[in-house]
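>>> Predicted model follows, preceded by the sequence.
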Amino acid sequence: MLLDFLKLAYRNIRHRDKRSWLTIIGTLIGIMAVVSLISIGQGLQTSIEDEFKDIGADKVYVSPGGGSVAERFSGTAAKLDEDDIETIRRTRGVDIVEGRVSGSLIVEIDDETSFRQIFGVDPDSDLMKQTLDIGVSEGRYLRSTGSSGVVVGQSIAEDQDLEPRSRIEINGNDYRVVGVSKSSSNRNVDSGIVMAMEEARELLDRPESFGSINVKVQEGYTPSEVEEDIEKNLRNERDLEEGEEDFTTNTAEDLIRSLNNQLSIVRGVLLGIGSISLLVGAVGIMNTMYTSVTERTREIGVMKAIGATKRQILTLFLIESGAIGLVGGAMGATIGIGLSWAATSVISSQLGIGITAYVGLELILGSLFFSFIVGMVSGVLPALKASRLEPAEAIRHG
């Protein structure tokens, strides 16, 4: 019986030809939008989570924060200094502590002037190299002995045709390029300049403060518990009550959670837009099925006259509308996955991190099932109308 229904549904869809394809396209666009957005969003989320876990699974980050808006704008807000470094170093579970400074300065390369992000780090610190994701593709990294050497980001080197032994000016001071960084997951590093801490402090006029402090956690401790101890010790050192902190601490989990919340909002908005397209497709299916019922009134009357029940007529039209949704869903899912692969390729090249579109079996089967259900739901009212036709009146309709 089911096979007969499927054959009839296939015949009727083929009979309408152009109208069926126009209806399928409406569903196709909606499913394509939903599938591509889910695939891109999930792929982006997974890739960024992996990046954070790789560079920060055992890290705690401390940065200046708090204070009034006026204090932050005037530069009088609390800063991080060597006392904070020592306080953190004495905290239980802390393995390595390193501070860094950063800020934008005027950089002149071959008579071209621009603002670039400057990172001041301890040349001997592997922690900073790992945290900032700094590698060297040409030349060498910074050394603690010697001065006036900088490592430039790969995008600067490519744009300005820089290589080791090139000369650049930063705030009017001459510096030699000793190395070019590898493509980094940190886009600021990719387009920035890394130099020794003391030189950066002098250029940025921050002789004693740090822009942030990075902490590596000892094995056997979790970043969250070490973070709590760091907060407690810094409050004691600064004579602050809980809730009055003028500093901020974060772990990779905190950053991932914040990022996921932001991505969820963006993904929700985009999925809402995709759902509107799917709603338009559902209305198209309903309209097509109503038209089909009107055109096939006599056929329905004949079927009822020879013994077809209301249930069978209802089932036939539901299968037919579901099939239209299913075909549109299959085509939409296929195109959506293709679009997501293309989009993630472009995003990867722009962000400098590897992003792979998410293509799980549950996404494919879910989109097919959802499109079939949307088709069936859209056909409920037309199917009910068809099932309730009286045989004699339906036959006279022709």
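Nice, thanks for sending it over.
>>> and the longest strand anywhere in the chain, which strands flank it?
Counting residues, the longest strand found in the chain (DSSP state E) is strand 94-109. Using DSSP bridges, the strands paired with strand 94-109 are strand 112-121 (antiparallel), strand 167-170 (antiparallel), strand 212-217 (antiparallel).
>>> Could you say which one of those strands comes nearest to L80?
Closest approach to L80 among the strands paired with strand 94-109 (C-beta to C-beta): strand 212-217, 5.6 Å. Yep, even glycine has a C-beta here, placed from its N, CA and C like the rest.
>>> So which elements touch the helix or strand following the closest one?
Counting by DSSP states H and E, the next helix or strand C-terminal to strand 212-217 is helix 223-238. With contacts taken as 3 or more C-beta pairs under 8 Å, 6 or more residues apart in numbering; DSSP states H and E, helix 223-238 sits against strand 59-64, helix 82-89, strand 212-217, strand 247-251, helix 252-295.
>>> any chance of those in JSON lines, plus mean neighbour count, mean pLDDT and distance to R167?
Output for the helices and strands packed on helix 223-238, formatted as JSON lines (neighbours: other C-beta atoms under 10 Å; pLDDT from 0 to 100; distance: least, C-beta to C-beta, whole Å):
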{"stretch": "strand 59-64", "mean neighbour count": "21", "mean pLDDT": "88", "distance to R167": "33"}
{"stretch": "helix 82-89", "mean neighbour count": "16", "mean pLDDT": "92", "distance to R167": "33"}
{"stretch": "strand 212-217", "mean neighbour count": "22", "mean pLDDT": "90", "distance to R167": "29"}
{"stretch": "strand 247-251", "mean neighbour count": "19", "mean pLDDT": "87", "distance to R167": "38"}
{"stretch": "helix 252-295", "mean neighbour count": "16", "mean pLDDT": "77", "distance to R167": "37"}
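>>> Give me the residue at the spatial middle of the chain.
The centre of the chain sits closest to L44, judged by C-alpha atoms, centre = their mean, with a distance of 3.7 Å.
>>> looking at the helices and strands packed on helix 223-238, which is closest to T344?
helix 252-295 (14.0 Å).
>>> As CSV, could you dump the C-alpha coordinates of the helix or strand following that closest one?
For helix 252-295, the following helix or strand on the C-terminal side (DSSP H and E) is helix 297-305. What follows is helix 297-305 as a C-alpha-only set of coordinates in CSV (Å, rounded to 0.1, in the frame of the first residue of the first chain):
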residue,chain,number,x,y,z
THR,A,297,-11.1,17.1,-7.5
ARG,A,298,-12.6,14.7,-10.1
GLU,A,299,-9.8,12.3,-9.7
ILE,A,300,-10.3,12.3,-5.9
GLY,A,301,-14.0,11.7,-6.4
VAL,A,302,-13.3,8.7,-8.6
MET,A,303,-10.9,7.2,-6.1
LYS,A,304,-13.5,7.6,-3.4
ALA,A,305,-16.2,6.1,-5.6
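>>> which parts of helix 297-305 are buried?
297, 299-301, 303-304 (16 or more other C-beta atoms under 10 Å).
>>> Could you tell me the angle between the longest strand of the chain and strand 59-64?
Counting by axes from the mean of the first three to the mean of the last three C-alpha atoms, to 10 degrees, strand 94-109 lies at 60 degrees to strand 59-64.
>>> pLDDT averaged over strand 94-109 - what is it?
Per-residue pLDDT over strand 94-109 has a mean of 90.
>>> Same question for stretch 150-161.
Across stretch 150-161, pLDDT averages out at 89.
>>> Give the buried residues for that stretch.
Neighbour counts over stretch 150-161 (16+ other C-beta under 10 Å) mark 150-157, 160 as buried.
>>> Identify the residue spatially nearest to A392, adjacent ones excluded.
Using C-beta to C-beta, 6 or more residues apart in numbering and skipping residues adjacent in sequence, the residue nearest A392 is G301, 7.3 Å away.
>>> Fine by me, we can end here.
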